[in-house]
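Peer 1: turn this into a model:
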Amino acid sequence: MSRAVGDRAETLTCKYLQERSFEIIERNFYSRFGEIDIIAKKGDTLHFIEVKSGLDYERAVQNITPKKIGRILKTSEVYLKKHALTCNYQIDAVIVVDGVCEYLESITL
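Peer 2: Numbers count the residues shown, from 1 in each chain. Have a look, this model is predicted:
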């Protein structure tokens, strides 16, 4: 997937999340462990969101591997420490296929 396709999927996901009362805090946060596509807040919970797009749902969701989730978890811990945050948080994903977003809440290993 090209960077341009990924950027479009992330922009579409931000709009999708904002329509559902999420506040977008940051996009493309990097640490030495990896990247978090979108960091958003809803209520008192911080959401670290992985965006995956593809030609079909199955291919897109299969790209969320245990290794990828582990990197997101480590990067989220870096973010929390960097900003001295002690709050509820979770790791989520949004799958984008044909311009349609599907939100997967609390993905785990």
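
Peer 1: got the phi and psi for the residue of the chain most remote from its centre?
Peer 2: The outermost residue of the chain relative to its centre, with distances by Cα atoms, centre = their mean, is residue 84 at 20.4 Å. Note on residue 84: its backbone torsions stand at phi 50, psi 50 [degrees, to the nearest 10].

Peer 1: check the secondary structure at the residue positioned nearest the centre of the chain for me.
Peer 2: Closest residue to the average C-alpha location of the chain: residue 49 at 1.6 Å, with Cα atoms, centre = their mean. Following DSSP: H, G, I helix; E, B strand; the rest coil, residue 49 is assigned to strand.

Peer 1: what's near enough to touch it?
Peer 2: Neighbouring residues of residue 49 by Cβ atoms under 8 Å, 6 or more residues apart in numbering: 13, 17, 36, 37, 38, 39, 40, 91, 92, 93, 94. All C-beta spots, glycine's among them, are computed from the backbone N, C-alpha and C.

Peer 1: residues in contact with stretch 62-75: which ones?
Peer 2: Residues outside stretch 62-75 that contact it (Cβ under 8 Å, 6+ apart) are 29-31, 33-36, 48, 50, 52, 54, 91, 93, 107-109.

Peer 1: what subset of those is buried?
Peer 2: 29, 31, 34, 36, 48, 50, 52, 54, 91, 93, 107 (16 or more other Cβ atoms under 10 Å).

Peer 1: save those as a markdown table, and put in secondary structure and pLDDT too.
Peer 2: Formatted as a markdown table, these follow (DSSP: H, G, I helix; E, B strand; the rest coil; pLDDT from 0 to 100):
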| residue | secondary structure | pLDDT |
| --- | --- | --- |
| 29 | strand | 97 |
| 31 | strand | 96 |
| 34 | strand | 95 |
| 36 | strand | 97 |
| 48 | strand | 98 |
| 50 | strand | 96 |
| 52 | strand | 94 |
| 54 | coil | 87 |
| 91 | strand | 96 |
| 93 | strand | 97 |
| 107 | coil | 91 |
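
Peer 1: closest to residue 22 among those?
Peer 2: The closest of those to residue 22 turns out to be residue 48 (Cβ to Cβ; 12.1 Å).
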